[in-house]
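Visitor: 3D model of this:
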Amino acid sequence: MKSMTFKWISGSYYFAFLLPLCLVGNVLLIVTLWKNIQTKFEAPQYKFVMSLAFSDVAFSLLFLSFTIAPFVIDTWPYGHAFCQVHGCLNMTLAFASLLNLVAISVDRYYACCKPLHYHQKMTPRRVTLMIAAAWIYATVLALLPILGLGEYRYFANKYSCSMVWDMKLKNGIYVKVTGALCFFPSLLLIVFCYIKIYQAVKHQKQQVNQVNNYFNNTNNAKNLKKDFRGALTFIVVIIAYFITWVPYVGVHMVSLYTHSDAATMVVAENFVDGMFSLASAVNPFIYSVMHGPIKREIRKTVCCLKPL
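Guide: Numbering: from 1, shown residues only. This next block holds a predicted model:
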């Protein structure tokens, strides 16, 4: 009885709440940015936001939607080959989201800390290459289990195929490789960028009192303050992302290196999996609340979608 209750609570969360929230929110964000990509949202940061939103839409369409049938019939109906594809998609989109956040952090670092060099560093060509590199690198890392380093398997309690977290030789190596080549360097780089941004904000505030006329009478000062305000939105996005990511990684690391109670670990893994998936749904709502230009344009897009 308890397992059935948990199943339907879990199903309601994923399919009645998370799936439509993730899909509608991110599609609305992409449409809003795309409509204004040549005018209001031509800056590099918005291309990174679109790439991040695209990964979240793909997560809902290509990953979550294929868990509905296993949830209903309690088995994986698509065969072993598609199980490998399904698991690979999950990891690709997870890595791509993280790497897009790294790109956003680097972009904001240059905008806030090195504004005079920003347009030299973040050229349209370089931004395109950064986005392409993020997706290619994410795909390569996700393909490693299919090539033999790691393993994707169907998990009945998750209704999906995902990475096997254990200390068997190939799985343990994969966890260590992805941690060393993606997760931990990304975390350190993001933290470094926003520490530098915080220091720049602090320094800028100190300079206002000393050269008040300069900051009040030049467009440069206005642009700096605008960049600092914009960085706050991305900081919140990244904090929200790591609030959902860190427990996921932490719980699975505990299961790797300890002999915790199996039933307890299943409950813990289901909980952090739900939090991890929530990361794909929260970003559009952060932008619609905190980012003034995006908030205004989303409202216009919603009004255009209303029936006449």
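Visitor: Find the residue at the geometric middle of the protein.
Guide: In the chain, the centroid-proximal residue (Cα atoms, centre = their mean) is S97; its distance is 3.6 Å.
Visitor: Please tell me I have it right and that residue contacts S277.
Guide: No: using Cβ atoms under 8 Å, S97 is not in contact with S277; the gap is 11.3 Å. To be clear about C-beta, it is placed using only N, CA and C from the backbone, and glycine gets the same treatment.
Visitor: and for those two, which residues touch both?
Guide: Common neighbours of S97 and S277, counting by Cβ atoms under 8 Å, 6 or more residues apart in numbering, are F59.
Visitor: Poorly predicted segments of this protein, please.
Guide: 1-4, 6, 167, 169, 205-231, 256-266, 304-308 (pLDDT under 70).
Visitor: Would you map the strands across it?
Guide: Under the criterion DSSP state E, the chain carries strands at the ranges 152-155, 160-163.
Visitor: now for the first one, which elements pack on it?
Guide: Identification of packing neighbours for strand 152-155 by 3 or more Cβ pairs under 8 Å, 6 or more residues apart in numbering; DSSP states H and E yields helix 79-113, strand 160-163.
Visitor: Paired strands for it, with orientation please.
Guide: Sheet pairing for strand 152-155, assigned by DSSP bridges, gives strand 160-163 (antiparallel).
Visitor: now the partner strand: how far from the chain's centre is it?
Guide: 18 Å (Cα atoms, centre = their mean, to the nearest Å).
Visitor: With stretch 122-135 instead?
Guide: 17 Å.
Visitor: Next: stretch 62-73.
Guide: Counting by Cα atoms, centre = their mean, stretch 62-73 comes out at 21 Å from the chain centroid.
Visitor: In that stretch, which of the residues would be classed as buried?
Guide: If you call a residue buried by 16 or more other Cβ atoms under 10 Å, then stretch 62-73 has these buried ones: 63-64, 66-67, 70-71.
Visitor: tell me the contacts of the residue nearest to the centre of the chain?
Guide: Contacts of S97 (Cβ under 8 Å, 6+ apart): 52, 55-56, 59, 241, 279-280.
Visitor: Spatially, which two of those are the most separated?
Guide: F59 and Y241 (13.0 Å; Cβ to Cβ).
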